[in-house]
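Undergrad: My questions are about this predicted structure, shown below with the sequence.
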Amino acid sequence: MSNIIPAGVDFEDVTVDPDNKKYYSQNNCILTKADNVIINGGAYSTIPETAVAIGDSAFNGSAIKSVVIPSNIKSLGDNAFKSCNNLEEIVIENGLEEIKKGVFSRCKNIKSITIPESVTKIEDGSFISLCSSLEELKVATANTVYYSKDDYILTKTDNTIVAGTLKKAIPEEATAIGMRAFYGNGYISEVRIPANIKAIKEEAFRGCGNLKTVFLEGGGVIGDFAFDKCGLLTNVYFSNGVTKVTEKGCMTESCNVRSVTLPDNIDLDGEYALRTHVPQTIYYPEDLEFLGVGG
């Protein structure tokens, strides 16, 4: 649903005619009458008790500085608070169940986020473009689906990283890096994937614009576009902990990788497994078998 009020517009007072059959207003928010979803809010809004969800892009571009997500809110929609550059403080009360994609993407001043125990679903890419200012990312200890370690969020079922600040080493408990877990992180310039990581899923580090060097002590199977659109990425070092790079490739023409070191046991699944737009120096053993490497 497209917003009634354009993104980035913060009116001091928003009201809906009481006779409107589709929408109503409360606390400077516009909500749907059918299901009590907030479709528009702004810098002068507070979340009303009647609301059950914050809809897609509802606060997109708003100048809001702080927000309390009360217990009556069960879902945060796609890009709900995208590009809220003045947003510094978020309090999420117990009651929220679902966090969709890109909820806090491109917010530049958030320092801390705590996920309450009630959250049972965090979609892939929920923390896209997580701001470099973020210092603390936690999960309530009573949460039955997720837990946090060293400012990373992991699943309890299989220890897959859902999101993280990347300001500390990847925890030894982790077994995989989830889809779009660090998508768009503009803080990290170097990343070391430890041996305990057995899979790096699709687009995990896509769009990390300042990433220059990757050391893959582990990684197992590297998914499609895992390091795509990392424009400063120059050096990638593969160890024997990497067994396969998928057909669509972990890097593409948008990367500037010039040096790749491959292990003995890697499987390059197709000619696009490694492909950039600059000439590459690729070091690989004489007995390595692969279908092709694009240059």
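TA: Alright, I've got the coordinates.

Undergrad: what bridges to I99?
TA: Per DSSP bridges, the residues bridged to I99 are L76, I122.

Undergrad: An error on my part: the question was meant for V37.
TA: A53.

Undergrad: okay, now it: neighbour count?
TA: V37 has 20 neighbours, counted by other CB atoms under 10 Å. Quick note: C-beta positions are derived from backbone N, CA and C, even for glycine.

Undergrad: What residues does it make contact with?
TA: By CB atoms under 8 Å, 6 or more residues apart in numbering, the residues touching V37 are 31, 51-55, 77.

Undergrad: Can you flag the buried ones in those?
TA: In these, burial by neighbour count holds for 31, 51, 53-55, 77, counting by 16 or more other CB atoms under 10 Å.

Undergrad: Next, format the residues you listed as a markdown table and append distance to S105.
TA: As requested, these are exported to a markdown table (distance: CB to CB, whole Å):
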| residue | distance to S105 |
| --- | --- |
| L31 | 23 |
| A51 | 22 |
| A53 | 18 |
| I54 | 14 |
| G55 | 16 |
| G77 | 12 |
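
Undergrad: export those residues to JSON lines and tack on pLDDT and distance to G207?
TA: Formatted as JSON lines, those follow (pLDDT from 0 to 100; distance: CB to CB, whole Å):
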{"residue": "L31", "pLDDT": "96", "distance to G207": "33"}
{"residue": "A51", "pLDDT": "98", "distance to G207": "32"}
{"residue": "A53", "pLDDT": "98", "distance to G207": "28"}
{"residue": "I54", "pLDDT": "97", "distance to G207": "25"}
{"residue": "G55", "pLDDT": "96", "distance to G207": "25"}
{"residue": "G77", "pLDDT": "96", "distance to G207": "21"}
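
Undergrad: right, and the pair among those with maximum separation?
TA: Greatest spatial distance in those: L31 and G77, 12.8 Å, computed using CB to CB.

Undergrad: Mind exporting the C-alpha coordinates of stretch 156-175 to CSV?
TA: Extracted in CSV, the C-alpha atoms of stretch 156-175 (Å, rounded to 0.1, in the frame of the first residue of the first chain):
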residue,chain,number,x,y,z
LYS,A,156,18.7,-21.0,18.6
THR,A,157,17.9,-23.9,16.3
ASP,A,158,21.0,-23.9,14.2
ASN,A,159,23.2,-20.9,15.3
THR,A,160,22.8,-19.0,12.1
ILE,A,161,23.7,-15.3,12.3
VAL,A,162,20.7,-13.1,11.5
ALA,A,163,22.4,-9.7,12.0
GLY,A,164,25.3,-8.1,13.8
THR,A,165,27.4,-5.0,14.2
LEU,A,166,30.6,-6.6,12.8
LYS,A,167,32.5,-4.6,15.3
LYS,A,168,33.5,-7.7,17.2
ALA,A,169,34.8,-11.1,16.0
ILE,A,170,32.2,-13.5,14.7
PRO,A,171,31.3,-15.7,17.7
GLU,A,172,32.6,-19.3,17.9
GLU,A,173,29.0,-20.5,18.5
ALA,A,174,27.9,-19.5,15.0
THR,A,175,27.7,-22.1,12.2
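
Undergrad: what comes up buried for it?
TA: Judged by neighbour count (16+ other CB under 10 Å), stretch 156-175 contains these buried residues: 159-166, 170-171, 174-175.

Undergrad: Neighbouring strands - and their directions - for the strand or helix carrying I30?
TA: I30 belongs to strand 29-32 when elements are defined using DSSP states H and E. Using DSSP bridges, strand 29-32 pairs in its sheet with strand 23-26 (antiparallel), strand 37-40 (antiparallel).

Undergrad: List the contacts of that strand.
TA: Outside strand 29-32, the residues touching it (CB under 8 Å, 6+ apart) are 4-5, 14, 16, 22-25, 37-41, 45-48, 50-51, 55.
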